[in-house]
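K.L.:
here is the input, now give the coordinates:
(chains A and B)
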Amino acid sequence: MNESFGRSQKLKSKKLIDQLFAEGKNIKSYPLKLVYIPIANAENAELKTGVSVPKKLVKTAVQRNRIKRMMREVFRKNKYLVSNDLSSSYAFMFIHISREEMTYEKLDRSMKKILESFREKI
RNA sequence: UAAGCAGGCCGCCUUAUCGCUCUGACAUUUUUCAGGGAGGAAAGUCCGGACACCACAGGGCAGCAUAGUGGGUAACGCCCACCGGUCGUGAGAUCAGGACAAGUGCAACAGAAAGAAUGUACAGGUUAAGCUGUAGUGAAACCAGGUAAACUCUAUGCGGUGCAAUGCCAUGUAAACCGGCAUCUAAGGAUUGCUCGUUCGUUGCCGGAGGGUAGGCAGCUAAAAAUUAGUGGCAACGCUAAUUUCAGAUAAAUGAUAAGGAAUCCGAUCAAUUAUCGGAUGACAGAAUCCGGCUUACAGGCCUGCUUUUUAU
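P.N.:
Model (predicted):
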């Protein structure tokens, strides 16, 4: 099982991100929220994923960095839930919607829930 | 030993598995291997530079900063030494520490009065007069009074914008740029606070080429570099030699999990030091062009020098 999370799988394009926030659909499972959108003309079926922590909720850069790292780690461990039987490309953005830093277990549970419900929708 | 003063340092460690980023090698698609990968403040963005672009024809005014003397430095509002004031028994701490003999302003309480004002009492004195002296209030009463983190003056320095600077490539095309021709003579633009002065000038056509867009590359990390030794200097710091190469991301790389060890605290066992067992804790905080400082935040720990009073040796 491929658990890597390299550059090609990350969400980099600013245009795509703007479009994502403008038109994307939500799935919520506290303390995480997923915004996603299908990518129109992609060659391979793949996921472009980013993580985000609002500055309003978490003040210091150290805490934001740590939360983002944990979110990436949790996604990396669980992405097999959706990536194996993917028909087209999607852009993902995970947003941390809590004021406090969560434990690894909580984030893990929340991530699994989100990915399963995403799988049911498509 | 106690209380205290000054300065410096560290900022948990090791291993395994999975993963991120940069560089190099094989390869040139994937994969694999080797090596590097946050801080003392990376922070606040408060000073000073390097570097880049814009403007350069200069003068005047305004504005801002600094303020004992000497030194250090690329430079500074930083640092060091000395002198002086204030505080402390002391080690030491602290000070915008130039000028009130240019002008203007301000001064609680007391006092007649804090500056064109002369009251009261006594003495002197006169044609006359606060004209002279003393008393009284106050820190200060004509004395070249005090006060400049009061205006001000003096001396010195200061062009502006900042790596989202700037250059190149790609995409791509309208209003902005340059040259030529015709036309117009007034508004306006530039000179990056203002002004004098200087300078450019409107519209149409043709040609060249440029502007905007965080897409990519360069700028981008080898330097006022670090370590060690010697040497000059009271010191800040300089010089010489040897060795080393030590982050370069861009929705933004250093993480996650597990095990073990060290430190501190709490509880239990023990008469007690020690020891054993169990549990908890690890701060402030994340490079974004790069340096030198300043300021602010910081769990816990270590080291060095010195002071004071008493005790012990």
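K.L.:
now do the residue positioned nearest the centre of chain A, the pLDDT please.
P.N.:
The centroid of chain A falls nearest to residue A:94 when counting by CA atoms, centre = their mean (3.5 Å). pLDDT, residue A:94: 83.
K.L.:
repeat that for residue A:52.
P.N.:
Value listed for residue A:52 in the pLDDT field: 79.
K.L.:
residue A:71: neighbour count?
P.N.:
24 (other CB atoms under 10 Å). (C-beta placed from N, C-alpha, C; glycine too.)
K.L.:
stretch A:104-122 near RNA strand B anywhere?
P.N.:
Yes: counting by CB under 7 Å from any atom of the strand, RNA strand B is contacted by stretch A:104-122 at residue A:104.
K.L.:
give me the contacts around that stretch.
P.N.:
The contact list for stretch A:104-122 (CB atoms under 8 Å, 6 or more residues apart in numbering) reads A:27, A:29-32, A:34, A:36, A:70-71, A:73-75, A:77-79, A:81-82, A:87, A:94.
K.L.:
which of those residues count as buried?
P.N.:
A:27, A:29, A:31-32, A:34, A:36, A:70-71, A:74-75, A:78-79, A:82, A:94 (16 or more other CB atoms under 10 Å).
K.L.:
among these, which are in helices?
P.N.:
A:70, A:71, A:74, A:75, A:78, A:82 (DSSP state H).
K.L.:
how far away is the second one from residue A:59?
P.N.:
If you measure residue A:71 against residue A:59 using CB to CB, to the nearest Å, the figure is 18 Å.
K.L.:
what about the strands in chain A?
P.N.:
Assigned by DSSP state E, chain A shows strands spanning A:25-29, A:32-38, A:47-52, A:90-96.
K.L.:
thanks a lot, catch you later.
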